[in-house]
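Q: Pasting a predicted model and its sequence here:
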Amino acid sequence: MKEEQTLRKPEHVAIIMDGNGRWARARKLPRLAGHRAGVENLRRILRAAVEFDVPILTIYAFSTENWDRPADEVEGLMNILQDVIDHELDELHKNGVQLRHIGRLEKLSPVLQEKVQHAIDLTSNNDTLVLNIAWNYGGRDEILYAIQSMMEDGLSPADVTEETFSRYLFTAGIPDPDLIIRTSGEMRVSNFLIWQGAYAEYYVTDTYFPDFDRDAFRAALDSYAARDRRFGRVHST
Ligand code: IPE
Ligand code: IPE
Ligand code: MG
């Protein structure tokens with residue numbers, strides 16, 4: 001019964017928010033206008049997540065590889081994160097959103113690190129929606145960091161089980177994603193949740209993220225509800 005319910009409604013949805021740049025180019029706008037439109041759209045997606053009873057939402061917003069973009073785009077993206085915290089945090093807090101972060105904060109400016117930490121601390125007891133932001137996140141980096149941490153803690157090889165390993169990841173305490181959505185049509189993982197996504201259902205839509213609205217989100221959840229998750233077995237039940 002429980003498994004059937006899980007089949008219908010994912011507990012954890014992750015979104016690779018891709019296509020902001022192409023959305024902007026199609027309108028002859030600078031790429032950063034696309035990123036701002038993506039943030040605007042995020043409001044709709046958060047509302048939809050609450051409406052559709054999705055308790056945990058992870059969004060891939062800045063990868064470890066995205067540092068290789070032109071400096072002004074990287075700076076613009078960092079400024080957008082800062083703006084969101086400065087202008088949206090109160091509203092998010094009021095709406096019961098618990099903010100979390102996966103990735104490494106160390107490379108961010110000290111001011112931004114403090115703001116992110118403040119947002120996490122302020123909202124830590126909220127329970128309407130967990131919004132987990134992947135920022136300076138890379139799946140390989142996460143795995144290496146987990147291995148380094150386990151070695152520092154002096155774990156013996158026999159201690160390194162899947163459960164232990166999962167506890168050393170940035171996502172410790174968060175269940176694996178049931179559904180990973182990628183917007184803008186790219187059929188690749190791009191270093192996102194490569195351990196946790198082992199048995200996630202994937203959904204790719206051609207829609208660019210700024211246009212990925214409530215109904216598009218609904219379509220992804222409907223697709224998920226119709227999947228037969230076998231986890232290597234013969235059939236689910
Ligand atoms: C996703 O949109 C946002 C980030 C990676 C920061 P892109 O910026 O990758 O948009 P495209 O893929 O160039 O269209
Ligand atoms: C993945 O998108 C990262 C984010 C959405 C933050 P990219 O646009 O960076 O991925 P690639 O380069 O197309 O693989
Ligand atoms: Mg992209």
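A: Received, thanks. Ligands and ions are numbered 1, 2, ... in the order given.
Q: So which residues make contact with stretch 33-45?
A: For stretch 33-45, contacts defined as C-beta atoms under 8 Å, 6 or more residues apart in numbering pick out 15, 17, 19-25, 27, 57, 59, 76-77, 80, 84, 208-214, 217. For the C-beta atoms, the positions are set from N, CA and C on the backbone; glycine is no exception.
Q: does it come close to ligand 2?
A: No - Stretch 33-45 lies out of reach of ligand 2 by C-beta under 6 Å from any ligand atom, never closer than 9.2 Å.
Q: Distance from the chain centre to that stretch, please.
A: Remark: stretch 33-45 is offset 14 Å from the chain centroid, using C-alpha atoms, centre = their mean, to the nearest Å.
Q: quick one: buried residues of it?
A: 33-39, 41-42, 45 (16 or more other C-beta atoms under 10 Å).
Q: Can you flag which of those belong to helices?
A: Among these, the members found in helices (DSSP state H) are 33-39, 41-42, 45.
Q: Tabulate these (CSV), appending distance to residue 154 and pLDDT.
A: Supplementary listing: these in CSV, determined by distance: C-beta to C-beta, whole Å; pLDDT from 0 to 100:
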residue, distance to residue 154, pLDDT
33, 50, 98
34, 47, 98
35, 43, 98
36, 47, 98
37, 48, 98
38, 43, 98
39, 43, 98
41, 46, 98
42, 41, 97
45, 42, 98
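Q: List the contacts of residue 80.
A: By C-beta under 8 Å, 6+ apart, the residues touching residue 80 are 32, 35-36, 39.
Q: cool, and residue 182?
A: Contacts for residue 182 (C-beta under 8 Å, 6+ apart) come out as 15-16, 18, 188, 202-205.
Q: And for residue 124?
A: By C-beta under 8 Å, 6+ apart, the residues touching residue 124 are residue 98.
Q: rewinding a little: so of the contacts of residue 182, which ones are in strands?
A: Secondary structure defined by DSSP state E assigns 15-16, 202-204 of the contacts of residue 182 to strands.
Q: Next, give phi and psi for the residue of the chain found nearest ligand 2.
A: Across the chain, the shortest distance to ligand 2 (C-beta to the nearest ligand atom) belongs to residue 190, at 3.7 Å. Here is the backbone geometry of residue 190 (degrees, to the nearest 10): phi 50, psi 40.
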